[in-house]
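Visitor: Model the structure of this input:
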Amino acid sequence: MKDILRYWKSETDRKFDHEHYGSRYLVGPRVLRQVARAHERKGSEPISRRLRVYAIDPAAGRFEEQIATLEVPYEPLQPGPVGVLIEVDNTNGHTNEVYAPADLDDLNVVVSSGYAPSESNHRFHAQMVYAVASQVHASFRRALGRQIGWPFDGPAEVRRLRILPFADEQRNAWYDPNEGTLNFGYFDAAEKPTDRTLPKGVVYTALAHDIVAHEMSHAMLDALRANFSTPSSSDMTGFHEGFADLIALFHHFHHRDALRRAIATSRGDIRNAKYLTGIGQQFGRSAGGAAELRPLDLDRRYDAGLECHEMGQLLVATIFDAFAVVFERKALHYRRLATGGTGVFPEGELPDLLVDLLTKKAADLAKQFLSMLIRAVDYLPPVDVRLGEYLRAIVTADSDLSTDDPLGFRDALIDSFRIRGIYPRDVVSLNEDSLLWRSPRMGMEPIKDLSFREIWFQGDPGLPVSVGEQIAQACALGEFITSDRERMQEFGLVMHGDPLLEGDEVSLPRVESVRTLRRPGPDGRVVFDTVAEIIQERHVRPRDGSPGFDIHGGSTVILDSLGQVRLVVLKRVVGEGRVNRRLEYLESSAAKPFWKLQDDRYVPAARTPFLAMCDRSEVTPPSPPS
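Guide: Next up is the predicted model:
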């Protein structure tokens, strides 16, 4: 069977009936979709393309550090720009006017590092969103060690994320998972003549580096995990928002000039370096005078009832505080050298050499943290993520690649989560050993067909395999997991009619994804793994006067290059207390934007786009697709 599946070449001619190959499981639609590859460098092509962007929002004032030049992976571009994975549509969604596209392969533009930054040049708007989105995509590919395909339909050779820098005249930006678009609004700034610090005129969210990176991160997370957009708890929605903010925040450290200025003005205290800690300065100020859209709040503590953006802010504060602790450890040596051993800086500006050293340390450390945060996504449960589970994922993923932790990265993270009251379930204590995800309890033989000896690669384990190979791998995993009741339980699944379901119905398990990867660690060691997801849906019936609803369970499975199951990250469909916790959330105010009651069941409201705004009270959000 597997050899036949591997010979399927045509996506348009392919038809797949899972029941023909196994009635115990399903194969999800993402497995049946060819993953598009980023451009592969050929011959004498350059490695990167230099493009200028606003590092700090245009309203921050005109000074040298406001502009950054990004090194984005090179690819030939059509005017738009249109690349392999990203295309920019310069149509004004409000007026239907089509602005001139950016031609980034024009020789004059190339030698000038792109168009000059300007709020009035529509071509620069297109350049800005393309450059930032490309940089974020490259960060994910580098951290995860594989190509990342978009979750929406279309043939692989033309399946692109479409970015609209002039999507509509409104005070918002959003990722639309149904249309496969990033949408950036524009609006008239608040008119407050008595306050000269507020921006005037038109504010373009496409020119806010943080907002572009934030929305791109939503798209990347949606591409990686099919079910993370399901609002199953405040933790889940808060994770999506906080994760996107973290990716935007740590990309601040790519802008060396602005970073150096922040280090100098804060005298090395990055907790008080405003450029580094705030998200969306121009956006927040134009909406009513706040310094940022989402300022850093280091005093916030965990509460299950927090609104999704508040929960996201908690996650950002937790991670950034741990980052600051590690940075202080790395900088202590330089502080002592510069102060004769006291560590206390005298009055006045810091020496230029010291600022340069601290800037480099901060940039290098931020790159490591960014990779840690992204890499941990592969170690999360496939559904209903809790913030404490993200800590476990970070610790396990980092331990997998680097057994030593000389500067205490993991200790700092654990302490920061503890201080804010974020505790994983089913963990005895917050120490590194207790937080590591475990191998399966029952002994399992390797899955032969998922051994790298058997997989038909297309040159590199980090590159996408053919659709036929993807299906073959999914079938091998599905057959292995669903072979008996005990093994299914080991992966968080149950058979129909299991007493633990208490009379509820359950769907067939569905293999959502199977991806091979090649991931280099900070110590130079390279790890070859396969990461897969298998889930199941439980239809909870109405009981005791409460409406019914659906919950998902299953596991993320990590296998080594020999096909041996190394880790199983569970979220049991019949997990203890899951039904009660879900019902408590559905009946809370935090769930109202996402769920509605229909025929005695809670069902999802129309899938809401991921919005950039924190306070939605004064904003009419875009109408979600039906």
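Visitor: make it CA atoms for all contacts and neighbour counts henceforth
Guide: OK.
Visitor: any idea where the helices of the stretch 51-200 of the chain begin and end?
Guide: 107-111, 122-144 (DSSP state H, counting those that start in this stretch).
Visitor: which strands and helices sit next to the first one?
Guide: Helices and strands in packing contact with helix 107-111 are not found; criterion 3 or more CA pairs under 8 Å, 6 or more residues apart in numbering; DSSP states H and E.
Visitor: Off-centre distance for it?
Guide: Computed by CA atoms, centre = their mean, to the nearest Å, the chain-centroid distance of helix 107-111 equals 33 Å.
Visitor: what mean pLDDT would you report for that helix?
Guide: Mean pLDDT, computed over helix 107-111, is 94.
Visitor: which residues are contacting that helix?
Guide: By CA atoms under 8 Å, 6 or more residues apart in numbering, the list of residues contacting helix 107-111 from outside reads 50, 103-104, 115.
Visitor: What of stretch 442-450?
Guide: 454-455, 473, 476-477, 480, 490, 561-565.
Visitor: So for it, what gets flagged as buried?
Guide: Applying a neighbour-count criterion of 16 or more other CA atoms under 10 Å, one finds 446-447, 449-450 buried in stretch 442-450.
Visitor: Determine the longest helix present in the protein.
Guide: In the chain, assigned by DSSP state H, the helix with the most residues is helix 308-338.
Visitor: Tell me the buried residues in that helix?
Guide: For helix 308-338, by 16+ other CA under 10 Å, it's 308-328, 330-331, 334-335, 338.
Visitor: so what does that helix touch, helix or strand wise?
Guide: Packed next to helix 308-338, using 3+ CA pairs under 8 Å, 6+ apart, are helix 234-251, helix 352-375, helix 409-419.
Visitor: Single out the most deeply packed of the ones you listed.
Guide: helix 234-251 (a mean of 25; mean count of other CA atoms under 10 Å).
Visitor: In CSV, list the C-alpha atoms belonging to that one.
Guide: Coordinates of each C-alpha in helix 234-251 appear next as CSV, following Å, rounded to 0.1, in the frame of the first residue of the first chain:
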residue,chain,number,x,y,z
SER,A,234,-8.9,31.9,28.0
ASP,A,235,-5.5,30.3,28.1
MET,A,236,-5.9,29.2,24.5
THR,A,237,-7.0,32.5,23.1
GLY,A,238,-4.5,34.3,25.4
PHE,A,239,-1.7,32.1,24.1
HIS,A,240,-2.4,33.0,20.5
GLU,A,241,-2.3,36.7,21.3
GLY,A,242,0.6,36.6,23.7
PHE,A,243,2.7,34.4,21.4
ALA,A,244,2.1,36.8,18.5
ASP,A,245,3.2,39.8,20.7
LEU,A,246,6.3,37.9,21.8
ILE,A,247,7.4,37.2,18.2
ALA,A,248,6.9,40.9,17.4
LEU,A,249,8.7,42.0,20.6
PHE,A,250,11.8,39.9,20.1
HIS,A,251,12.1,41.0,16.5
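Visitor: Between helix 122-144 and that helix, find me the angle.
Guide: Using axes from the mean of the first three to the mean of the last three CA atoms, to 10 degrees, the inter-axis angle of helix 234-251 relative to helix 122-144 is 110 degrees.
Visitor: counting contacts, what elements does helix 234-251 pack onto?
Guide: Partner elements for helix 234-251 (3+ CA pairs under 8 Å, 6+ apart): helix 209-224, helix 308-338, helix 352-375, helix 387-401.
Visitor: Just give me the residue right at the centre of this protein.
Guide: In the chain, the residue lying closest to the centroid (CA atoms, centre = their mean) is Leu221, at 3.8 Å.
Visitor: ok, now how distant is it from Gly408?
Guide: Plainly put, Leu221 is 27 Å away from Gly408 if you go by CA to CA, to the nearest Å.
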